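Engineer: Need the 3D shape of this:
(chains A, B, C and D)
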Protein chains: 2
Amino acid sequence: MAAANVKDVAALARVSIGTVSNVLNRPEIVSPDTVDRVQQAIDKLGFVRNDAARQLKAGRSNTIGLVVLDVRNPFFTDLARGAQDAATEAGLSVLLGDSGRSSQREKAYLDLFEEQRVHGVLVSPLSDVGRRLEGLRRRGIPAVLVDRSATGSGFSSVSVDDVAGGRLAVEHLIAIGRRRIAYLAGSFDFSQVTDRLRGAQEAVAAHPGVSLEVVDIDGLTVLAGYAAGEALAARPAAERPDGVFTANDLIAVGVLQALVMYSNISVPGDIALVGYDDIDFAETAVVPLTSVRQPSELLGKTAVELLLDEARDPSREPRQIVFQPELVIRASTGGPIQRVD
Amino acid sequence: MAAANVKDVAALARVSIGTVSNVLNRPEIVSPDTVDRVQQAIDKLGFVRNDAARQLKAGRSNTIGLVVLDVRNPFFTDLARGAQDAATEAGLSVLLGDSGRSSQREKAYLDLFEEQRVHGVLVSPLSDVGRRLEGLRRRGIPAVLVDRSATGSGFSSVSVDDVAGGRLAVEHLIAIGRRRIAYLAGSFDFSQVTDRLRGAQEAVAAHPGVSLEVVDIDGLTVLAGYAAGEALAARPAAERPDGVFTANDLIAVGVLQALVMYSNISVPGDIALVGYDDIDFAETAVVPLTSVRQPSELLGKTAVELLLDEARDPSREPRQIVFQPELVIRASTGGPIQRVD
DNA sequence: GGGGTGCGTTGAAACGCTTCAGAATGAATC
DNA sequence: GATTCATTCTGAAGCGTTTCAACGCACCCC
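Structural biologist: Model (predicted):
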């Protein structure tokens, strides 16, 4: 029992294959009677349209390729979910690839997407994929960079203003009276890490009497944060910061746990703590964590929209969309909002 | 500048299109000279093979469809990663769909996969998709159920023995001397939740003098765990369990945080705690959490292997592969491993 | 020199769909 | 009754690949 095709349906419904195709794609131009007859034939034969043939004819697939740096990072899964929703809405599906920060895998996925003649690609780029994306574009496949601003690259991008995020975090610490701020981060080769630092510096610069110490730790993990927290706790009280901003929530959680162990240091009493990303665990940490939230789902949704616009009109000027992060205030900086305007 | 196709390559290399195809797919049967010439033409034209045409001809795509219940759950992303690795190895790619526990979306993804004539589908089934999968199989698309045993369903499956996991957890609690065990869980309509309970019951039944209390909480979240932990702490000490097993790590983390707040209750001193899933945060919790680990990545990898076997030989008998979970012992039950053989 | 053997190459056919120019039909208009 | 027009349907062409029977050629062997 071979799978039925349009020809079989046409034969059973006693119409031409062209009519079957019209029933499938533009039923409004076919007479109701015929639509009925064809539909019955389709049901009877269990016909399911062959997408490969359709795509071959169309010249491109109904798929959007998305390459993320790390599927295990909630930021990216949220982003992927947003992208999927927007794509589904437009009748497209998303092929999700995980580069795992390997430029080899990144390339492999882009090659795959090119063979598939995808509708477009969304990339959270590892390194310099500009040339590769140029190639895709020449073939008519638009690309949008996600989570990285791409001014001047000739591509559209959606990103979050990390400088603003850093500023937001540290201004909040200053607003609640902290004067000796520390920024805890590792992996300073990530632009996100340095952008957040820059924001922190700007906030400090705007407030005389506030100092900023940068603590370079070993990575962006809970364990690195725990070690850093222990080191802070071991300092004489006078040399400890009274406000700590970390490059992400994982570090903050580690710091928090180290401080809770040394129960003589209280959060936020002695040290107020602000993380970044607002992961699920921020809300449910031992001391609920103030954090900077990125609109990840919105990022994915918007990226797809930019992509579709460019697919429709390839000559369109690239646009850089920068989202503003949002500060979520919780107990680790004194809980309910106290704003000083 | 239209994209080059095999015909263009053939013309430039002065060979037939059949030869170009052979260079692409079976270079060993083409003379080295010709391979060179064709390769140069390919490079010069920037030719990239059109996958849609290839698939149309082949009758099926080089893609495996995977539908998971929730991409945000690390268990599934790990599983997906395992599946991707195995698929890549076999020259296939994975189309990842997130049903988000909606049977409508589940159906939509299966429809999509059918249109795509995917090589096979992996499903962590929401409800009864048996009939739907039967339909796919009739069309030559094999299916493997993941994270659910499917004995007697006619399909292969990979799953983890949750009964064994529950037994493992509670036997460990008993082995370290606990006698009043509590099982904290919500959502008792999930088979995983009840299977783990069954394992716990078996372990208790095998040890006279040990009691098991089942505490039904509101969901499987950190917050639900926190509430349950507070309730435990509020009990008179004599009525508190001395060993707690939770249906997942999130609950355990919540319990842990509630207990740590009431600092008169020590973990593991007063209450030993075992979670389930071994999420990243288990290792880095305030008190590192003993947990039952599921080989999620291996699950994905194995599922793909079963699928490929069935794709190669459709008459193959379905197989049910059940993995054994593993207990990871950490500080919440007394830390370094103490094994009684 | 006829017949066999292998190697490398050829090119038409087929995969299943969509599209589109044109045919068929019936109704409306002069 | 001829003309126009709208509506509905037809069927061949074409998308770009893989496959496969057939072909040419060189070589070897009696």
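
Engineer: any idea how far whichever residue of the stretch 51-200 of chain A sits closest to DNA strand D lies from chain B?
Structural biologist: Here the residue of the stretch 51-200 of chain A nearest DNA strand D is A:K57; by Cβ to the nearest atom of the strand that distance is 4.0 Å. No exception for glycine: its C-beta is placed from N, CA and C like everyone else's. Look at A:K57 and chain B: by Cβ to the nearest Cβ, to the nearest Å, they are 9 Å apart.

Engineer: Any buried residues in the helix or strand encompassing that residue, and which?
Structural biologist: Applying DSSP states H and E as the criterion places A:K57 in helix A:51-58. Neighbour-count burial for helix A:51-58, with 16 or more other Cβ atoms under 10 Å in any protein chain shown as criterion, is recorded at A:51-56.

Engineer: Is it possible to get these out as JSON lines so that each row also shows pLDDT and distance to B:R312?
Structural biologist: Putting the buried residues of helix A:51-58 into JSON lines (pLDDT from 0 to 100; distance: Cβ to Cβ, whole Å) gives the following:
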{"residue": "A:D51", "pLDDT": "94", "distance to B:R312": "23"}
{"residue": "A:A52", "pLDDT": "95", "distance to B:R312": "21"}
{"residue": "A:A53", "pLDDT": "96", "distance to B:R312": "24"}
{"residue": "A:R54", "pLDDT": "95", "distance to B:R312": "27"}
{"residue": "A:Q55", "pLDDT": "95", "distance to B:R312": "26"}
{"residue": "A:L56", "pLDDT": "95", "distance to B:R312": "26"}
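
Engineer: coming back round to it: pLDDT at the residue of the stretch 51-200 of chain A closest to DNA strand D, what is it?
Structural biologist: Reading off the per-residue confidence, A:K57 sits at a pLDDT of 95.

Engineer: Burial check on A:I17, number of neighbours?
Structural biologist: Applying other Cβ atoms under 10 Å in any protein chain shown, we find 14 residues neighbouring A:I17.

Engineer: residue contacts, A:G300?
Structural biologist: Neighbouring residues of A:G300 by Cβ atoms under 8 Å, 6 or more residues apart in numbering or on different chains: A:78-86, A:122, A:146.

Engineer: now, which of those sits nearest A:A285?
Structural biologist: Distance to A:A285 across those (Cβ to Cβ) is lowest for A:D78, with 19.0 Å.

Engineer: Is that closest one in a helix, a strand, or coil?
Structural biologist: Classification of A:D78 using DSSP: H, G, I helix; E, B strand; the rest coil returns helix.

Engineer: Which pLDDT does the model give the residue of the stretch 101-250 of chain A found nearest chain B?
Structural biologist: Across the stretch 101-250 of chain A, the shortest distance to chain B (Cβ to the nearest Cβ) belongs to A:V222, at 3.7 Å. Turning to A:V222, the model gives it a pLDDT of 88.

Engineer: Repeat that for the one 10 residues further on.
Structural biologist: Model confidence at A:L232, given as pLDDT, is 94.

Engineer: So it belongs to a helix, correct?
Structural biologist: Yes: counting by three-state DSSP, A:L232 is located in a helix.

Engineer: Do a quick rundown of the helices in the stretch 51-200 of chain A.
Structural biologist: For the stretch 51-200 of chain A, the helices defined by DSSP state H, counting those that start in this stretch cover A:51-58, A:74-89, A:103-115, A:130-138, A:162-175, A:191-205.
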